[in-house]
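Asker: Have a look at this prediction, sequence included:
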Amino acid sequence: MIAFIDHYNLNATRRFLALGAEMMSYGEDLGIQHGLPISPADWRRWIKPSYSRLFGLARERDLPVRLHTDGYILDIIPDLIECGVTLLNPQFRPNGLDGIRQMTSGKLAIDLDLIGSFSPSPRRRRSTIISARRTRRSTAPKAG
């Protein structure tokens, strides 16, 4: 099954690149709310090689690779970076702002929709926005 999906995705990506795509964007559900559906070791064994091939097609052309994924993925973010992801759109709730910052700061761009991820109370929304601003300040490049 993995080989079938791999073959399909590689062919689709080759077609988009042949048409002049300037960026490749993929959507997945790699995680579930409290972890990965398989162990990180099994993910690396069975899934990572496919992503390396797939994202490698765009990275060979120096094109950005965007990946949206739902669920908890902190354990495999370094692997996703190795595979070629340059812009990550993770779910904020299962990963937490601190976890996302720690795993990605200085390594790739983040596309994070804080407010669209949930419908919090005004108090919780304010707390989330303040936390996001602190995280952004702590990860921003230093002038100098």
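Answerer: Received it, and whenever you're ready, just let me know what you need. Bear in mind the structure is a predicted one, so any value in this text is a computation, not a measurement. Numbers count the residues shown, from 1 in each chain.
Asker: Assign the residue nearest the centre of the chain to helix, strand or coil.
Answerer: Geometric centre of the chain, nearest residue: Leu88, 3.2 Å, by C-alpha atoms, centre = their mean. Three-state assignment for Leu88 (DSSP: H, G, I helix; E, B strand; the rest coil): strand.
Asker: and it, how far is that from Asp62?
Answerer: 18 Å (C-beta to C-beta, to the nearest Å). Using the backbone N, CA and C atoms, a C-beta is placed for each residue, glycine as well.
Asker: go on, Gln33?
Answerer: Distance from Gln33 to Asp62, by C-beta to C-beta: 35 Å.
Asker: And the helices in the chain?
Answerer: Along the chain, the stretches classed as helices by DSSP state H are 2-18, 40-46, 48-59, 77-83, 92-95, 97-104, 122-139.
Asker: Serialize those to CSV and add fields for mean neighbour count, mean pLDDT and distance to Glu28.
Answerer: Below are the helices of the chain laid out as CSV (neighbours: other C-beta atoms under 10 Å; pLDDT from 0 to 100; distance: least, C-beta to C-beta, whole Å):
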stretch, mean neighbour count, mean pLDDT, distance to Glu28
helix 2-18, 12, 95, 11
helix 40-46, 13, 97, 12
helix 48-59, 18, 97, 9
helix 77-83, 18, 97, 10
helix 92-95, 19, 89, 14
helix 97-104, 18, 92, 16
helix 122-139, 12, 61, 24
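Asker: right, and those helices - which one's nearest Asp70?
Answerer: helix 92-95 (8.1 Å; C-beta to C-beta).
Asker: Met23: neighbour count?
Answerer: 12 (other C-beta atoms under 10 Å).
Asker: That one touches Arg61, doesn't it?
Answerer: No. Under the criterion of C-beta atoms under 8 Å, Met23 is not in contact with Arg61, lying 10.3 Å apart.
Asker: Trp43 and Asp79 touch, don't they?
Answerer: Yes. Under the criterion of C-beta under 8 Å, Trp43 is in contact with Asp79, at a separation of 7.3 Å.
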